[in-house]
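In: Return a 3D structure for these sequence lines:
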Amino acid sequence: MPASVSVAASARLHLGFLDMNGGLGRKFGGLGLSLDAPATRLTLARAEENAVEGPEEARGLKALEAAQAALGIRARHALTIHEAIPAHAGFGSGTQLALAVAAALRRLEDLPHAPATDAALMAR
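Out: Numbering: from 1, shown residues only. As a prediction, the model looks like this:
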């Protein structure tokens, strides 16, 4: 297992809900674009206690604790947020942070990659 894991998650623009004719049983679909910048970049490592540093510390700690609980992980971790997507600017900052933390935690703890499951576990 690695000593630490780094994850980068790009910002995204959600362009709204579209009526996609319902041919597959869906009434609505969405369209989104991934952006090169801004991005969330973080590193997760094992630690004796949970600790978070960098921009969006409070949201990072909340995401870390939620992911640990959802995945049943009792180990503690140090989360360093090197860069964060600006909050409440329409770039998906909360979702990208939560999913980046969950992905890093899975990789660090040698759990299978499961983004769709993580989206549900992290309420995103």
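
In: can I assume residue 118 is in contact with residue 105?
Out: No: between residue 118 and residue 105 there is no contact under CB atoms under 8 Å: 9.1 Å. Where C-beta positions appear, they are placed from N, C-alpha and C, glycine not excepted.

In: neighbour-wise, which of the two wins?
Out: Applying other CB atoms under 10 Å to residue 118 and residue 105 shows that residue 105 carries more neighbours, namely 24 against 21.

In: How far off centre is the helix or strand that contains the more buried one?
Out: Following DSSP states H and E, one finds residue 105 within helix 93-108. The chain centroid and the centroid of helix 93-108 are separated by 3 Å under CA atoms, centre = their mean, to the nearest Å.

In: Which SSE is immediately downstream of that helix?
Out: Assigned by DSSP H and E, the successor of helix 93-108 is helix 115-121.

In: Report all helices and strands that that following helix contacts.
Out: Counting contacts by 3 or more CB pairs under 8 Å, 6 or more residues apart in numbering; DSSP states H and E, helix 115-121 is packed against helix 57-71, helix 93-108.

In: got the contact list for residue 8?
Out: 39, 40, 41, 100 (CB atoms under 8 Å, 6 or more residues apart in numbering).
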